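Enquirer: I'll drop the sequence and a predicted model, then ask my questions.
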Amino acid sequence: MNNSGFTQLVNTSTGEVIAQREGNLIDECKKIWLVEMGREIIHVSHSDYVHPFKFFTAIHGEKQISLYNDFFGNIEPELEPSWMGSAKEFTELQERITAQEWSVFDDEGNWLGTSEY
């Protein structure tokens with residue numbers, strides 16, 4: 001297996017990255033990703049996207065997100081977030097999250113991921 005670059009599932013019309021894994025995993029991803037009409041699996045050497053564990057989709061690494069510990073739900077709560085930062089920063093600290101339940105939202109209130117996924 002070649003671990004360089006990234007394997008991505010992309011929307012061919014918009015260029016949106018739907019899913020991403022590190023490495024050249026095209027054959028493996030063909031078996032687990034739904035590649036419908038208008039989508040394709042590609043390999044790229046560089047990516048500005050991240051796909052954190054337990055997130056529903058890949059997102060731009062600079063996208064600002066809010067983490068709510070001890071919360072599960074698809075509507076952003078009217079509480080102070082436990083943590084705020086970029087999606088890329090989240091991937092680097094994700095292993096240190098100690099809450100049993102958590103949910104993450106972007107700055108538009110979109111539900112991006114949860115410990116329960």
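Expert: Thanks, I have the structure now. Numbering: from 1, shown residues only.
Enquirer: hey, let's count contacts and neighbours off CA atoms from now on
Expert: Will do.
Enquirer: can you give me the helices for this structure?
Expert: For the chain, the helices defined by DSSP state H cover 26-32, 87-93.
Enquirer: so which of the ones you listed is the most packed in?
Expert: helix 87-93 (a mean of 16; mean count of other Cα atoms under 10 Å).
Enquirer: Quick one: list the elements packing against it.
Expert: Packing partners of helix 87-93 (3 or more Cα pairs under 8 Å, 6 or more residues apart in numbering; DSSP states H and E): strand 49-50.
Enquirer: which residues does the residue nearest to Gly73 when sequence neighbours are not counted bridge with?
Expert: Distances taken as Cα to Cα, 6 or more residues apart in numbering place Ser103 nearest to Gly73, at 6.8 Å, with adjacent residues excluded. Beta bridges link Ser103 to Tyr68, Thr114 when assigned by DSSP bridges.
Enquirer: Please list all residues in contact with Ser103.
Expert: Going by Cα atoms under 8 Å, 6 or more residues apart in numbering, Ser103 touches Leu67, Tyr68, Asn69, Phe71, Phe72, Gly73, Asn74, Trp111, Leu112, Gly113, Thr114, Ser115.
Enquirer: so who does the fourth one touch?
Expert: In other words, Phe71. When the contact criterion is Cα under 8 Å, 6+ apart, the partners of Phe71 are Glu101, Trp102, Ser103.
Enquirer: confidence score at it?
Expert: The model reports Phe71 with a pLDDT of 93.
Enquirer: What segments of the chain are strands?
Expert: Using DSSP state E, the strands of the chain run over 2-11, 17-24, 39-44, 49-50, 59-60, 64-69, 83-86, 102-106, 111-114.
Enquirer: Can you list the helices and strands that the fourth one packs against?
Expert: In terms of contacts (3+ Cα pairs under 8 Å, 6+ apart), strand 49-50 is packed against strand 17-24, strand 59-60, helix 87-93.
Enquirer: swap in the fifth one?
Expert: Secondary-structure packing of strand 59-60 (3+ Cα pairs under 8 Å, 6+ apart): strand 49-50.
Enquirer: and the strand it packs on, which strands flank it?
Expert: strand 59-60 (antiparallel).
Enquirer: Phe6 and Tyr49 touch, don't they?
Expert: No: look at Phe6 against Tyr49 with Cα atoms under 8 Å: they stay out of range, at 9.6 Å.
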